[in-house]
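>>> 3D, please:
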Amino acid sequence: MFKRPFCANFGTSTIMSLVRLNIKGISYSQTQNGAYALILSEEDGDRKLPIVIGAFEAQSIAIALEKEIKPPRPLTHDLFKNFADRFEIIVKQVIIHKLVDGVFYSSIICERDQIEEIIDARTSDAIALALRFKAPIFTYKNILDKAGIYLKTPTKDKDVSKEEEAVIEELITGEDKETVRRVTEDFSKYTLKELNEMLDEAVTQEDYEKAAAIRDEISKRK
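Residues are numbered from 1 along each chain as shown. Next comes the predicted model:
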């Protein structure tokens, strides 16, 4: 059972200012292949926290969320999870604790032998690990006040609006600091059957960036 949030020494913030976040989805750029925005949502509110991430991290998070793509061998985040399990290291929670010039800074709170440690990490990596450990994700209220927006996330029945797309595009095409790789191939010309076959082949060859792009094209048609 989840315990009270751990309050690391991240400035003057306190436990009471922590806000729990849930992952609402991953949006892809309409103009830049391989560019993604991870959408986090405050648990007891309507604000969303969009974070620009790279294609590999987006795929890793998507695999942990949907479990639709089964890698034949462990991804980097899966390897970390297996390593931590072997040495009885528990990831208790992730805290997005700082925002500077548009860059989010995160820490992973770990425990081994009842000793807690704080490890610095990129936010995308921290969240990919939090999913695998089923650990909660938090940020501070002042960060959400500064960067949070009211943004509807896409559902199966409704795509994001033009206004919402513009917000995501601005985030992705702005001065983000995380490396964004691009898949330039146009998958719109293929049939669903061909796409599914290509997806299986990409996963078998461990080309997860290509698999992510194909998966996005398949999702757009559903």
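>>> Tell me the helix or strand right after the helix or strand bottoming out on mean pLDDT in the chain.
Least confident element among the helices and strands of the chain, by mean pLDDT, DSSP states H and E: helix 162-173 (a mean of 60). The first helix or strand that comes after helix 162-173 along the chain, using DSSP states H and E, is helix 192-204.
>>> how far does that next one sit from the chain's center?
For helix 192-204, the gap between its own C-alpha mean and the chain's C-alpha mean amounts to 23 Å (CA atoms, centre = their mean, to the nearest Å).
>>> So which residues of this protein form strands?
Remark: strands assigned in the chain by DSSP state E are 18-28, 36-42, 47-53, 90-100, 103-112, 115-122, 137-140, 149-150.
>>> Of all these, which one is nearest residue 189?
Residue 189 sits nearest to strand 18-28 of all the strands of the chain, at 17.9 Å, using CB to CB. From N, CA and C alone the C-beta is placed, and that goes for glycine too.
>>> Could you list the paired strands of that closest one along with their orientation?
Its sheet considered, strand 18-28 pairs with strand 36-42 (antiparallel), strand 137-140 (antiparallel) by DSSP bridges.
>>> okay, those strands in TSV with mean neighbour count and distance to residue 200 next?
Supplementary listing: the strands paired with strand 18-28 in TSV, determined by neighbours: other CB atoms under 10 Å; distance: least, CB to CB, whole Å:
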stretch	mean neighbour count	distance to residue 200
strand 36-42	22	22
strand 137-140	23	31
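>>> what's the closest of these to residue 216?
Closest of the strands paired with strand 18-28 to residue 216 is strand 36-42, at 8.9 Å (criterion: CB to CB).
>>> quick check: domain ranges of the protein?
Using automatic domain parsing, the domain ranges for the chain come out as 15-182, 184-222.
>>> follow-up on the earlier one: could you dump the strands of the chain to TSV with distance to residue 74 and mean pLDDT?
Formatted as TSV, those follow (distance: least, CB to CB, whole Å; pLDDT from 0 to 100):
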stretch	distance to residue 74	mean pLDDT
strand 18-28	21	89
strand 36-42	21	90
strand 47-53	20	89
strand 90-100	16	95
strand 103-112	18	94
strand 115-122	18	95
strand 137-140	22	97
strand 149-150	35	80
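>>> Quick one: the ones you listed as CSV, columns for distance to residue 222 too.
As requested, the strands of the chain are arranged in CSV below (distance: least, CB to CB, whole Å):
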stretch, distance to residue 222
strand 18-28, 14
strand 36-42, 18
strand 47-53, 23
strand 90-100, 30
strand 103-112, 30
strand 115-122, 30
strand 137-140, 27
strand 149-150, 26
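>>> Would you mind stating the distance between residue 20 and residue 93?
Residue 20 is 9 Å from residue 93, where distance means CB to CB, to the nearest Å.
>>> scratch that, residue 146
Remark: distance between residue 146 and residue 93 (CB to CB) = 21 Å.
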